[in-house]
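1. starting from these lines, generate the structure:
(chains A, B, C and D)
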Number of protein chains: 2
Amino acid sequence: MPRPASARDRVLTAYEDLLIESGERGATLDAVAARAGVSKGGLLYHFGSKDALVEGFIARLMDLTEEDIDIMLAAPEGVVDYIIRTSVNEGTAFDRALIAAARLAQTADPRAGVALASIHDRWLDVVTQVVGDATVARAIVLISDGLYYNSALMGMGATEPNDPTDERLDRLLEVIARLGAASRP
Amino acid sequence: MPRPASARDRVLTAYEDLLIESGERGATLDAVAARAGVSKGGLLYHFGSKDALVEGFIARLMDLTEEDIDIMLAAPEGVVDYIIRTSVNEGTAFDRALIAAARLAQTADPRAGVALASIHDRWLDVVTQVVGDATVARAIVLISDGLYYNSALMGMGATEPNDPTDERLDRLLEVIARLGAASRP
DNA sequence: GTCTATATGACGATAGAC
DNA sequence: GTCTATCGTCATATAGAC
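-> Here you go, the predicted model:
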């Protein structure tokens, strides 16, 4: 039940959208406020500084990460299938948050990079447990990283959502299976 | 024989260094000029605008790409071994240029993203020819992308050069060999 | 809680001396 | 070729009214 979305939440989403569409440079307080439908003063009531805005964004990203890992572990297609196919759809709230974080990671603030590294570690843990072998797990997570990377870097703005039913992903998953990855736990 | 490095070249290298260490936000004309040991006016004599500086940087990146592909094709260990091990050392001039380009890719300018995409395509071509299978080649290049991605995003500044003799890379290459990749042409 | 000013500083770029 | 001003613009942040 999506409730009317508080101003604070709208601000966070507006910031994320702008990071994806215009990069860190375009995600100014003015632009975020305009997009969220509040004034700059209104924005700064909720987040006292741009720093606080980044902090709030990363906190929400980490929450979404935990949710996604639960979904991943329960995925009927198996963890490996899930992690590859959802790299990167840009459809879900989590996908969007991840791309936005990637955009943020190379600017002034190292926090986004640290958050991404910790998410990466969580994935590696999960895949290692499912797959049994640490190096195979690493290869799989690296392929997932590569897919995210390409999504995040090429084609700012015009990033059309990946089709999870793309045949190329099917073939990629077949190849990955040769690594000795159990596609079901 | 490294000659005394023209001011123009020093500016380009300073820009690259600052992109790696401080991100796009930190790579201001002031900072670049200071690092290159020239004044802002001096910098703007060689590159009439920040746009021209980006252009010059990307041109040098593309030159380095062609050089690196020649080296890759002639590598005694084979193309696959070479591409994985050099993702990402941050030691060579080419590695540094690539990381800097990744930092640049999510800001205002789409040119860096376009350049990265074309480099990626060149790699995919080369690996596909060596390996025979397009999907296997894609998996390999994605792993390489993932390694670059992690280098570029985590740990701004403190990115210590990867050790190409790292045992973890050895194991990763063993796993990749299971994909059916010929490690030698 | 949300708004409209306004202060302050940084960045990109120009003009002109040497 | 390289320098020292200097200008215009834009971004963050503050102050204080409603």
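
2. where is the longest helix in chain A?
-> Determined from DSSP state H, the single longest helix within chain A is helix A:50-74.

3. and that one, how far from the chain's centre?
-> 9 Å (C-alpha atoms, centre = their mean, to the nearest Å).

4. Three-state assignment for the spatially most central residue of chain A, please.
-> In chain A, the centroid-proximal residue (C-alpha atoms, centre = their mean) is A:L98; its distance is 1.8 Å. Secondary structure, DSSP: H, G, I helix; E, B strand; the rest coil: A:L98 is helix.

5. returning to that earlier point: does anything pack onto the longest helix of chain A? Which helices or strands?
-> Helix A:50-74 makes packing contacts with helix A:7-26, helix A:29-36, helix A:79-85, helix A:93-104, helix A:111-131 when contacts are defined by 3 or more C-beta pairs under 8 Å, 6 or more residues apart in numbering or on different chains; DSSP states H and E. In short, each C-beta sits where N, CA and C put it, glycine included.

6. near chain B at all, the longest one?
-> Yes - Helix A:111-131 reaches chain B (C-beta under 8 Å from any C-beta of the partner chain) through A:113-114, A:116-117, A:120.

7. rewinding a little: ok, which of the helices and strands packed on helix A:50-74 comes nearest DNA strand C?
-> Among the helices and strands packed on helix A:50-74, helix A:7-26 comes nearest to DNA strand C, with 4.0 Å by C-beta to the nearest atom of the strand.

8. nearest spatial neighbour of A:V114, skipping sequence neighbours?
-> Spatial nearest neighbour of A:V114, excluding adjacent residues (C-beta to C-beta, 6 or more residues apart in numbering or on different chains): B:M154 at 7.4 Å.

9. ok, now which ones touch that neighbour?
-> A:105, A:113-114, A:116-117, A:120 (C-beta atoms under 8 Å, 6 or more residues apart in numbering or on different chains).

10. could you redo the last one with a cut-off of 7 Å?
-> The contact partners of B:M154, by C-beta atoms under 7 Å, 6 or more residues apart in numbering or on different chains, come to A:113, A:116-117.

11. let's have these in TSV, adding neighbour count.
-> Shown next, in TSV, are the contacts of B:M154 (neighbours: other C-beta atoms under 10 Å in any protein chain shown):
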residue	neighbour count
A:G113	22
A:L116	24
A:A117	14
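
12. hmm, the longest helix of chain A touching DNA strand C?
-> No - Helix A:50-74 is not in contact with DNA strand C by C-beta under 7 Å from any atom of the strand; minimum separation 13.0 Å.

13. next, the buried residues of that helix.
-> A:50, A:53-54, A:56-58, A:60-61, A:64-65, A:68-69, A:72 (16 or more other C-beta atoms under 10 Å in any protein chain shown).

14. that helix - what's its average pLDDT?
-> In this model, helix A:50-74 has a mean pLDDT of 95.

15. now it against helix A:7-26, angle please.
-> 100 degrees (axes from the mean of the first three to the mean of the last three C-alpha atoms, to 10 degrees).

16. would helix A:50-74 count as contacting DNA strand D?
-> Yes - Helix A:50-74 comes into contact with DNA strand D (C-beta under 7 Å from any atom of the strand), by way of A:50-51.

17. name the residues that touch that helix?
-> Against helix A:50-74 from outside (C-beta under 7 Å, 6+ apart): A:12, A:15-16, A:29, A:47, A:79, A:82-83, A:93-94, A:97, A:101, A:109, A:111-112, A:115, A:119, A:122, A:126.

18. and if you look at stretch A:17-26?
-> Stretch A:17-26 is contacted by residues A:27, A:31-32, A:35, A:96, A:99-100, A:103-104, A:107, A:156-157, B:106-108 when judged by C-beta under 7 Å, 6+ apart.

19. most widely separated two among the residues you listed?
-> The span of the contacts of stretch A:17-26, defined through C-beta to C-beta, is set by A:R96 and B:A108 at 20.3 Å.

20. with neighbour numbers in mind, choose between those two.
-> Counted by other C-beta atoms under 10 Å in any protein chain shown, A:R96 and B:A108 do not tie: A:R96 has more neighbours, with 21 against 17.

21. re earlier: between the residues of helix A:111-131 next to chain B, which is closest to DNA strand D?
-> Nearest member of those to DNA strand D, counting by C-beta to the nearest atom of the strand, is A:G113, at 18.8 Å.

22. can you give me phi and psi for the closest residue to that closest one other than its chain neighbours?
-> Distances taken as C-beta to C-beta, 6+ apart place A:A105 nearest to A:G113, at 4.4 Å, with adjacent residues excluded. Phi and psi for A:A105, reported as degrees, to the nearest 10, are phi -70, psi -20.

23. tally of neighbours for A:A105?
-> 27.

24. my guess is it contacts A:V114. True?
-> No - applying C-beta atoms under 7 Å, one finds A:A105 not in contact with A:V114, separated by 9.0 Å.

25. where do the domain boundaries of chain A fall?
-> A:1-48, A:58-182 (automatic domain parsing).
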